[in-house]
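Student: Curious how this folds, go ahead:
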Amino acid sequence: MKTKLSAIALALSLGVATTLSASAQEGRTLAELSFDSVDEHEKGYLHLGDMERVRSDIFTSMDADESNGLELSEFINWGYGFENIAEDENKLLAYRTALKVVYTFWDRNGDGKITPSEHRRAVNNDFFRADLNNNAILEKEEFLGGFSILVAVRAALKPE
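Tutor: Sure, this is the predicted structure:
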């Protein structure tokens, strides 16, 4: 389960490392493996049901205190897989700030906790934003290209 959740963690942060020099190929390879782990039936695409299964597992793994809500510290400390890259690039503060920005957007009512429904809504919104051809499925390239957490972290790590 822990290994699968690590792959899923990469699935949400997919591709961020593809924009970084030394980590580029490794980041892309890990992101592709993440896609493959989410695509359990080897369909070559993901649908909302796949994403909900993954989202639910991720939420559970992030909720360290089992309060059924994600506090900022749980969200930031979860281990998206790119903190070491941020440290290597001397951009740890920018990385953490990017996560705080995403957290603030996802905490729709501003109460300091992301509920399961807020988390579901955020992941669903990201799914539809990433679905560039509007066919209600994500092919691998769409999956690798765009969730809000990925966009924010990519901007923090390589803002050019």
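
Student: Tell me which stretches of this structure form strands.
Tutor: 45-46, 138-139 (DSSP state E).

Student: Ranking those strands by mean neighbour count, which comes first?
Tutor: strand 138-139 (a mean of 22; mean count of other CB atoms under 10 Å). No exception for glycine: its C-beta is placed from N, CA and C like everyone else's.

Student: Who are the packing partners of that one?
Tutor: When contacts are defined as 3 or more CB pairs under 8 Å, 6 or more residues apart in numbering; DSSP states H and E, strand 138-139 sits against strand 45-46.

Student: and the strand it packs on, which strands flank it?
Tutor: strand 138-139 (antiparallel) (DSSP bridges).

Student: so where's this protein uncertain?
Tutor: For the chain, applying pLDDT under 70 flags the ranges 1-31, 159-160.

Student: go again using 90 as the cut-off
Tutor: Low-confidence segments of the chain, defined by pLDDT under 90, are located at 1-38, 40, 53-54, 77-89, 91, 95, 126, 140-160.

Student: how deep is Asn90 tucked in, by neighbour count?
Tutor: Residues lying near Asn90 (other CB atoms under 10 Å) number 8.

Student: ok, so what distance separates it from Ala156?
Tutor: 12 Å (CB to CB, to the nearest Å).

Student: can I get the strands of the chain in CSV with distance to Asp126?
Tutor: What follows is the strands of the chain, written out as CSV (distance: least, CB to CB, whole Å):
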stretch, distance to Asp126
strand 45-46, 12
strand 138-139, 10
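
Student: How about Asp65: what's its closest non-neighbour residue?
Tutor: Nearest residue to Asp65, sequence neighbours excluded (CB to CB, 6 or more residues apart in numbering): Glu74, at 7.2 Å.

Student: didn't that neighbour look like it was pressed against Phe59?
Tutor: No: the pair Glu74 / Phe59 is not scored as a contact, 10.1 Å apart, by CB atoms under 8 Å.

Student: got a list of what the closest residue to Arg96 other than its chain neighbours touches?
Tutor: Closest residue in space to Arg96, ignoring its immediate chain neighbours: Ile76 at 5.9 Å, by CB to CB, 6+ apart. Neighbour list for Ile76: 96, 99-100, 103 [criterion: CB atoms under 8 Å, 6 or more residues apart in numbering].

Student: Thanks a lot, see you next time.
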